[in-house]
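Enquirer: build me a structure from this.
(one chain, ligands or ions: 2)
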Amino acid sequence: MTKICCIGAGYVGGPTMAMIARKCPEVQVTVVDINEKRIAEWQSDNLPIYEPGLLEVVQEARGRNLFFSTDVDQGIRDADIVFVSVNTPTKTFGEGAGCASDLQYWELCARRIKEVSTSDKIIIEKSTLPVRTAEAMERVLHAGQNAIHFEVLSNPEFLAEGTAVADLENPDRVLIGGHETPSGQKALQTVVEIYATWIPRERILTTNVWSSELSKLTANAFLAQRVSSINAISALCEATGADVSDVSHAIGTDSRIGPKFLKASIGFGGSCFKKDILNLVYLCETYGLQEPANYWRQVVTMNDYQETRFVRNMLHSMFNTIANKRIAIFGFAFKADTGDTRESPAIRVCRELASEHAKVVVSDPQALDNARLELPELVDQIEFEEDPYKAAEGAHAIAVMTEWKQYKELDYQRIYDSMVQPAFIFDGRNMLDHQALFAMGFEVYSIGKGHLTHLK
Ligand code: NAD
Ligand code: UGA
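Expert: Ligands and ions are numbered 1, 2, ... in the order given. All right, here's what the predicted structure looks like:
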């Protein structure tokens with residue numbers, strides 16, 4: 001029986017391993033983590049992450065061939081294949097601070113693997129890493145006298161939060177990079193066979209390690225770039241009377257452009273887009289490629305601009321003062337169907353509103369616990385209220401930050417009647433029926449469209 005160990009029981013390690021265990025009952029999968037609370041939650045029905053459909057996948061395999069444990073050493077020792085799926089955040093100190101990847105968690109894993117292993121293993125980079133990280137890992141793994149062979153592969157993950165189960169069940173592609181050596185190719189085939197259990201072979205792409213590592217950073221950079229591109233156009237739409245939804249539709253029907261990832265918004269969030277682009281920028285700079293570095297950095301600059309612009313528009317349209325005004329934030333997660341708030345645009349929006357002395361009330365169906373952790377300095381100043389009706393009561397304005405389906409279905413007449421007049425709504429997701437809201441009496445502001453106002 002093939003034994004897999006995955007180090008890191010986070011947003012990637014948990015769901016990906018649960019799917020492998022579900023699809024391959026003959027493979028034993030153990031997910032290990034140093035975070036005891038997380039492991040205990042994976043062992044319960046109160047999973048540590050909110051992801052639609054995930055509990056059913058976990059329940060099907062857990063206890064059969066899917067296990068969660070804090071015994072990292074035992075997990076590694078028993079395994080034939082070790083996936084490393086630890087966090088790789090942006091470095092906050094020293095050289096490359098604010099840009100480079102912080103690889104300390106990855107390296108610690110490599111050292112641990114080397115320390116405790118008693119048999120040959122395939123080591124798989126599941127985390128998103130700078131290109132050529134595998135080289136450094138091989139040096140760590142093979143340093144000194146060691147008869148054990150570690151074959152390092154790259155298998156980046158492309159799932160998106162909120163749709164992780166569907167993405168894992170039916171991915172556009174799986175990418176596996178291996179060395180062009182007999183042992184590299186053999187290891188690569190072993191991993192191909194696992195995925196081929198449920199994924200058509202033509203969707204399993206194999207490359208060398210460096211192409212695989214770089215493809216992951218490139219995919220995220222291209223996706224984020226599309227969001228920044230349409231957001232740049234949204235600012236021009238507001239200035240000119242064009243409608244960004246019409247522009248998105250018109251360009252998206254060109255099969256060379258395609259319709260996806262063209263929704264103008266408050267800006268992209270999530271733990272990866274910004275960090276991966278900054279990592280790409282740092283890599284370019286490391287190789288002396290300043291123009292490519294500048295090109296990609298602009299995608300992040302544009303995103304910062306979009307977030308700041310949103311708050312500025314709120315302030316200006318509410319008569320240049322929001323001090324002591326109650327503002328209800330609808331949604332704090334960085335996108336719908338997740339409780340993840342990492343790099344959510346709502347963080348900056350709340351901070352900037354609070355700095356203008358607004359009374360901020362945050363509402364979200366899944367992310368309030370994380371929201372409190374994101375705003376430690378404001379936790380006594382900001383109200384957290386799950387019920388959007390209560391959040392909006394007595395408010396001067398609502399700002400929609402997350403495209404939760406339930407926000408479409410609210411009784412906005414009831415909300416309008418409970419608010420201070422004139423009642424403003426700022427739709428950072430362009431998801432509401434703006435004409436209907438305007439007819440109720442709202443002052444309606446959205447992204448990349450003219451605003452609808454009753455004020456003369
Ligand atoms: P996460 O922070 O949710 O999970 C990482 C886990 O690793 C944590 O639970 C942490 O306790 C554990 N860990 C850290 N060091 C450890 C060690 N030495 N031993 C054992 N456990 C350790 O992170 P995530 O969102 O799952 O992301 C993991 C990687 O996957 C990152 O490189 C990220 O860029 C990439 N990625 C994330 C997503 C996503 O949707 N979140 C998608 C694709 C790729
Ligand atoms: C993204 C990628 O889509 C995944 O392929 C990748 O694996 C993952 O990053 C990762 O490496 O972490 P994720 O961040 O979970 O997934 O979610 P997305 O659906 O990509 O959305 C990212 C952000 O862009 C969200 O804030 C979303 O609201 C925003 N967005 C997306 C827009 O503003 N407009 C769009 O048209 C699309």
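Enquirer: show me which residues of this protein sit near ligand 2.
Expert: Selection of the chain residues close to ligand 2 by CB under 6 Å from any ligand atom yields 128, 157-161, 220, 223, 227, 261-263, 265, 268-270, 272-273, 334-335. Using the backbone N, CA and C atoms, a C-beta is placed for each residue, glycine as well.
Enquirer: going through these, which ones are buried?
Expert: Among those, those scoring as buried are 128, 157-159, 161, 220, 223, 227, 261-263, 265, 268-270, 272-273, 334-335 (criterion: 16 or more other CB atoms under 10 Å).
Enquirer: what's the following helix or strand after the worst-scoring helix or strand of the chain on mean pLDDT?
Expert: Every helix and strand of the chain was ranked by mean pLDDT, DSSP states H and E. The lowest is helix 133-141, at a mean of 92. Tracing the chain past helix 133-141, the next element assigned as helix or strand by DSSP states H and E is strand 150-154.
Enquirer: which parts of the stretch 301-450 of the chain are helices?
Expert: In the stretch 301-450 of the chain, the helices defined using DSSP state H, counting those that start in this stretch lie at 345-355, 368-374, 388-392, 412-418, 434-440.
Enquirer: and the residue of the stretch 301-450 of the chain found nearest ligand 2, how far from Ser265?
Expert: Nearest residue of the stretch 301-450 of the chain to ligand 2: Lys335, at 3.9 Å (CB to the nearest ligand atom). Distance, Lys335 to Ser265, by CB to CB, to the nearest Å: 9 Å.
Enquirer: ok, His149 next?
Expert: With the distance defined as CB to CB, His149 ends up 48 Å from Ser265.
Enquirer: one more: His316?
Expert: Using CB to CB, His316 is found at 20 Å from Ser265.
Enquirer: now do Ser446
Expert: 10 Å.
Enquirer: hey, what's in contact with both of the two?
Expert: Asn430 (CB atoms under 8 Å, 6 or more residues apart in numbering).
Enquirer: which stretches in the protein count as strands?
Expert: Secondary structure of the chain (DSSP state E): strands at 3-7, 28-32, 66-69, 81-84, 121-125, 150-154, 174-177, 204-207, 326-330, 359-363, 383-384, 397-400, 424-427, 443-446.
Enquirer: what would those look like in CSV with mean pLDDT, distance to Phe310 and mean neighbour count?
Expert: Listed next are the strands of the chain as CSV, based on pLDDT from 0 to 100; distance: least, CB to CB, whole Å; neighbours: other CB atoms under 10 Å:
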stretch, mean pLDDT, distance to Phe310, mean neighbour count
strand 3-7, 98, 38, 25
strand 28-32, 98, 38, 24
strand 66-69, 98, 40, 22
strand 81-84, 98, 37, 25
strand 121-125, 98, 36, 24
strand 150-154, 97, 37, 24
strand 174-177, 98, 35, 23
strand 204-207, 98, 38, 17
strand 326-330, 98, 12, 27
strand 359-363, 98, 14, 25
strand 383-384, 98, 21, 16
strand 397-400, 98, 8, 26
strand 424-427, 98, 7, 26
strand 443-446, 98, 9, 24
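Enquirer: now those as CSV including distance to Ala239?
Expert: CSV is the format used below for those (distance: least, CB to CB, whole Å):
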stretch, distance to Ala239
strand 3-7, 49
strand 28-32, 50
strand 66-69, 52
strand 81-84, 47
strand 121-125, 45
strand 150-154, 44
strand 174-177, 41
strand 204-207, 42
strand 326-330, 25
strand 359-363, 28
strand 383-384, 35
strand 397-400, 21
strand 424-427, 17
strand 443-446, 14
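Enquirer: out of the ones you listed, flag the one nearest ligand 1.
Expert: For these, the distance to ligand 1 is smallest for strand 3-7, at 4.8 Å, taking CB to the nearest ligand atom.
Enquirer: okay, now the sheet partners of the closest one, with direction.
Expert: strand 28-32 (parallel), strand 81-84 (parallel) (DSSP bridges).
Enquirer: nearest to Thr90 among those would be which one?
Expert: strand 81-84 (18.5 Å; CB to CB).
Enquirer: other residues contacting the closest one?
Expert: Strand 81-84 is contacted from outside by 2-8, 13, 16-17, 76, 106, 109-110, 113, 121-127, 155, 190-191, using CB under 8 Å, 6+ apart.
Enquirer: now do stretch 244-257
Expert: 230, 233-234, 237, 258-260, 262-264, 430, 447-449.
Enquirer: how about the residues you listed, which pair is most distant?
Expert: Most distant of these, by CB to CB, are Gly258 and Lys449, 22.4 Å apart.
Enquirer: close to ligand 1: what parts of this structure are there?
Expert: Residues of the chain lying close to ligand 1 (CB under 6 Å from any ligand atom) are 7-13, 33-35, 38, 72, 85-88, 105, 108-109, 127-128, 157, 159, 161, 271-272.
Enquirer: pull out the buried members of the residues you listed.
Expert: The buried subset of the residues of the chain next to ligand 1 (16+ other CB under 10 Å) comprises 7-13, 33, 38, 72, 85-88, 105, 109, 127-128, 157, 159, 161, 271-272.
Enquirer: okay then, goodbye and thanks.
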